[in-house]
Every structure is written in C-alpha cells, then in structure tokens.
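# sequence below, structure please.
(chains A and B)
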Amino acid sequence: MALPAPTAHVEHARRSFRDVVALADLNLQVAAGEVTVLLGPNGAGKTTALRLLTGALAAESGEVRVFGLDPVSDGDEVRRRTGVVSAKPALYDRLTGWDNLRYAAELWDLGPSAPIEEAAARFGIASALSDRVGGYSTGMKTRLALARAVLHEPDLLLLDEPTSGLDPESSLAVLAMVDELAEAGTAVVMSTHLLLEAEGLADHVVLLEGGRDVLSGPPDALVHQLFPVPEVLLDATDPLALRRVLEGADGLRPDGVGSVHAGRGGLLVALDRPDRVPGLVAQLVGAGVDLTRVEPHRPTLEEVYLAVRRSDGWQPGDRLAEVHR
Amino acid sequence: MSARPAPRRGRSRTFTIARTDLRQLAQSPDFWAPMVVLALLFFVVVPAFLLIVLVRLPEEGVAASVSTALDLLPQQAQTRVLGATPVDRTSYALAVYLFAPIAVIVPMTISTAIGANCLVGEREKGTGEWLAQTPATEREIYLGKLIASLLPGYLTTLVGFGLYSLLVNIVVGPRVGGWFFPTRDWWVLMLLVVPPFLALTLSVVLRLSGRVRSAAAAQQASGLVTLPLIMLSYAQSSGALFGTRSALAFAALAWLGATWGLVRGQRAVQRSRLLGVD
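Below you'll find the model as predicted:
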C-alpha cells in the first residue's frame, strides 16, 4: 500500500540573509498526526525552517511543498490551513484576549460563529478573555497564542519554542495540548532547544546544525543509530573496586564488557549483548563487589544531541566510533 | 478537520486590519491625547485667543500696524480680503490666510505619525511575525494600514475645520458681513486637495515604515515628506499658486500622483519585512 503524502516536504532548501546562511541544506518530512521536533542550538535555522513552511520566506533553492502546494505561490491556501505560534506570542497587547481571537477569526474568514470561547476554554483562558492582553502573564499569553493558532482547526501547526519563558507547570500543560492536537490528526512541527520537552513528545526528531539537518528520525531509531551497543548502569558500595573489576585490572575482564565510563549515578558499561547482564552481575558478586545498582540504560535524546554536537564534521560511522571510544 | 469556509477575497480582510488598527489606536490615549491637544491648539485655542484680542483692539495703534502686514499677501489674495476697517481686514486675513493653512499641519501630523508606525510597529512588537503568516495578502495588509492611517487624519480635518469655521464665523463674521469661512478656495482644498495630499504622503510614509528599522526612524523620515506638502497647501490656500479652477486641475493631478504612489506603495508590505529579516 502506498504511503500517504506527507503534510510538508522540504528538500535541499537553502535560505540566506545577505552574508549569513540561515539554512544551508534542509531536508524535512512532516506527517499528519505526528509531532516533528526541530532540535538545535540558537542560529541552527529552526525559525527560518518554520517560516519557509508558511511561505513567509521563500527558499533560494531547493523544494518546499506543504499540502502538495508551493507555500510561496499558493501561500494563501497554505496559510489558511496552517496555524503558527511564534517564539514571542505576537499578540496585540492593547486589545483584549477576545479581540485578538476575533481578529484571527476574521483574517481566517471564520465568520460570526467562530469558536472563540471554545478555543479559549480549551486552553484555560476563557475567564480572561475580556482582559487586555498586556496584563496577561507569559503563560496566559502562550495559551492565548495557542488558542489563536488552532481557532481555524489547522491541518499543520507550527510552534516556535512554545514553552520559552514558561514555568514547568505551564510548559507541561502546553506540551500536553500539543500531544492532544497531534492525536487528533494535526501535523505538528515544533522547534526547541529544550531536549527534555522533546523527549516523549516527538514522533520524529530533526537535529539542525549550521542550517543542515544532521540527524533525522524517530527518537528510538536515533538512539539505536547512535548507541547500538546495549549499556547497563552499575554502582557499588566501593565504586573504585567495581571499576577495577570491570576494566580487568586483576587480569580477568568480565565476559562481553566493552567500554566503561562514568554515567549519572554510576558506571555505564557497554555490553556486546543485552543478555550478558545476569552473567556480569554473577561475576561481579563473585569478585566481591557489593553492587547497589543494576539498571539497563536507555540513552536520552539529550545524550544523542550532545553526542552529535560534541563532534565536528560528523558522519554516522564516525559517531559510533567516537561515542564508544 | 472540520470543513472550512471558502476562501474570501477583497475588502473584508482590508477592513478587518484597518478596524483592528483603529481599535488599538482608540485604546492608546498616550498616543491620541497629545494629538487631540495639538488639534485643539491649532484649530481652536490659538485662533480664538488671537482673533478675540485683535477684534477688541482700537482701530488705531497696534491694529493699524498689524494691518500693514496684509501688504505682504499676494495681490490676488489681497483683493479678496473682506472688511471695512484695518481690524476687520486683518481679522479676515488671519482667519483665511494664516491660521487655516497652519492648521493643515495637524491632520498631516496625525496621519503620518500613525502611518510611520503602522508597519515598523508590527515588526517592533513582534506581531508582524504573526501577520505575515496569516492568509491576508500583502495588498490587503497595505490597504488596511493605509485606511487606518488616513481616516484619523481626514476625520481631524473635517471636525477641526468644522470647529474652526464656527469659531471664525462667530468672532470675525459679524465684522465682515456674515459667515465667510470656508471660502471657495478652502472648500476645494479640504474636499479635493487635502485627501490626495494625505494619500500621497501616506503612500510614501508607508513605504518608509516598511523599510526602516525602527518607528523613530520612520517618524524622522516622514517629517521630511510632509514639509513640502504643507508648504504647498499653504500656497494653495493663500491663492499664491492657483485659483479655484486651476485648483480643480491641481486636485486631479494630485489624485493621479496619489494613485501612482499608492500602487507603488504596495511594495512596502513584504512578508519578509514584516518578519524583520530583510
């Protein structure tokens, strides 16, 4: 069966601003009902990538298609089906929350029956609709910006660092709403440099570096690609003794043990196979090591990110070698 | 996803943008309060004070000296000055040839202040990022901003000159044979010349607003644009440049220029500029 057409498709897109290359070579596929997270440091090209998708900026070369359309020449249609929350909430502070939503409803031609109250209630700001936005907290502004972005029930939702400046509770609420929207079938593209918020939310991660997508795929696949070797986190009452045994200082290196390096709360031990763990534990106990922790280790997105970021001129093969050196 | 309404074109988004801008303006007393004070000063307070003082002066002495200034008016304008005494003639001349042209500054100032801020202001506040990613076309955004800038200025012209007419007719009218203002030249100026002047000025100001980096820079640059137009309106009102008939031709030319300026001015709105990246 043929795969459904992606909601958005970017191939070898390039965009510069005078001498500054914002996007050097971006490739991106966005599917309906999925959350695609653009990860990268400041200046990696995340915001420019989102702007290309709405046609607000044109790519100098390469191909950008959204809903099968060119966002520059068919921008009206693309923007009609797209919702955007920019890094700053971009609200009209002198107007009330209701006026801000009404403005969006009119620009999107939603007519007098636009679901303004419903959208506000969905994001928990219905009671503040009659207040001026200038008096809103950062969290309320973000919620209003989200309500405005989904007022017309977009097929594609673009979020540029939507949790920037929010307290943890508000961030979690916003991320839960994003997840809910994706489950309802909306294609979501979210840029962030906060790895923790991408973890668990992203169906697809695109890591940007210098305007290029250096790594792309589902989080699990990326972890497996970069950390193909199973690891176990070990700790003991005497960590030095543990390390000595693992590194074979006494002449007997346990079976299947590869690299050993410090991890959070113990030593990360690479194994050639996952089923080595029981044997390893038995060997360590037999060597007199008093173990306090034995835990399979699943590398986080943060580790993936940092592993890629810490190397220059990265190539997939190089990365594996470097990470496990 | 639910069914969407069919795409709509034309005026509605333009008026939505204009209405929203005007609503924001109405919510900004820190912006419009000084403008109201300025309008009151130029249209009411200063003319009222000077005219009331003048008509109370004795015919000899200061009034006679002031009336010699009438000789500086163009010959064509001097023949139109009404009144039997030096005070009457001076009052008439001040009402028609001095205060009124100066008051034209007010609507120009208001419209250019709004216009100068309208595009660069969106960029500075960050709302340009959102506006650039709405379905509104560049043309709709431009026209919406233009209307929002034009209306307050022109409304001020009509209300201000209404008040001014009432004032000068009450204070000076009884001395020159009844209600005299607006004169024929002033009707032409207000109804036919000021609107294209405003439109032409705004077409340039909006282009500036779309290009410059800050609202302050837009304000500075727009001041240079309005100055020659104020001088032109002064010359027209004093009869130094045109008579009423030729003013009609001049108004037609001004409209042509305004149309050209407005069509070209549409280039002021580019999504990349609203984003602040170009």
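# buried residues in the strand or helix carrying residue B:32, which are they?
Element membership of residue B:32 [criterion: DSSP states H and E] is helix B:29-40. For helix B:29-40, the neighbour count (16 or more other Cβ atoms under 10 Å in any protein chain shown) marks B:31, B:32, B:35, B:38, B:39 as buried. The way it works is simple: take the backbone N, C-alpha and C, and place the C-beta from them, glycine included.
# output the contacting helices and strands for the longest helix belonging to chain B.
Ranked by number of residues, the top helix in chain B under DSSP state H is helix B:138-171. Helices and strands touching helix B:138-171, by 3 or more Cβ pairs under 8 Å, 6 or more residues apart in numbering or on different chains; DSSP states H and E, are helix B:11-26, helix B:29-40, helix B:46-55, helix B:100-103, helix B:105-125, helix B:194-211, helix B:244-265.
# between those helices, which one is nearest to chain A?
Across the helices and strands packed on helix B:138-171, chain A has its closest neighbour in helix B:11-26 (4.2 Å, Cβ to the nearest Cβ).
# where does chain B have low pLDDT?
B:1-11, B:59-60, B:63, B:228-230, B:232-244 (pLDDT under 70).
# and whichever strand or helix holds residue A:181, what does it pack onto?
Using DSSP H and E, residue A:181 falls within helix A:168-183. For helix A:168-183, the packing partners by 3+ Cβ pairs under 8 Å, 6+ apart come out as strand A:35-39, helix A:138-150, strand A:156-160, strand A:187-192.
# tell me what the longest one is packed against?
Okay, so that is helix A:138-150. So helix A:138-150, by 3+ Cβ pairs under 8 Å, 6+ apart, packs with strand A:82-85, helix A:97-107, helix A:116-122, strand A:156-160, helix A:168-183.
# how about the residues of the stretch 101-250 of chain B near chain A?
B:125, B:126, B:127, B:128, B:129, B:130, B:132, B:133, B:134, B:135, B:136, B:137 (Cβ under 8 Å from any Cβ of the partner chain).
# 6 Å instead?
B:126, B:127, B:129, B:130, B:132, B:133, B:134, B:135, B:136 (Cβ under 6 Å from any Cβ of the partner chain).
# wait, the last one sits on residue B:15?
No - using Cβ atoms under 6 Å as the test, residue B:136 is too far from residue B:15 to be in contact (11.4 Å).
# what about these two, which has more around it?
Shown here are residue B:136 and residue B:15; by other Cβ atoms under 10 Å in any protein chain shown, residue B:136 has more neighbours (22 against 16).
# confirm that that one sits in a strand.
No - secondary structure of residue B:136 (DSSP: H, G, I helix; E, B strand; the rest coil): coil, not part of a strand.
# hang on, the earlier thing: save the helices and strands packed on helix B:138-171 as TSV, and put in distance to residue A:15 too.
Converted to TSV, those look like this (distance: least, Cβ to Cβ, whole Å):
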stretch	distance to residue A:15
helix B:11-26	27
helix B:29-40	36
helix B:46-55	55
helix B:100-103	50
helix B:105-125	19
helix B:194-211	21
helix B:244-265	27
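# out of those, flag the one nearest residue A:208.
helix B:105-125 (24.9 Å; Cβ to Cβ).
# so for residue A:21, what's the pLDDT?
At residue A:21, the pLDDT value in this model is 94.
# and the gap between the residue lying closest to it once chain neighbours are set aside and chain B?
Of all residues not flanking residue A:21 in the chain, residue A:211 sits nearest, at 5.5 Å (Cβ to Cβ, 6 or more residues apart in numbering or on different chains). Look at residue A:211 and chain B: by Cβ to the nearest Cβ, to the nearest Å, they are 14 Å apart.
# having no further points to raise, I will conclude here.
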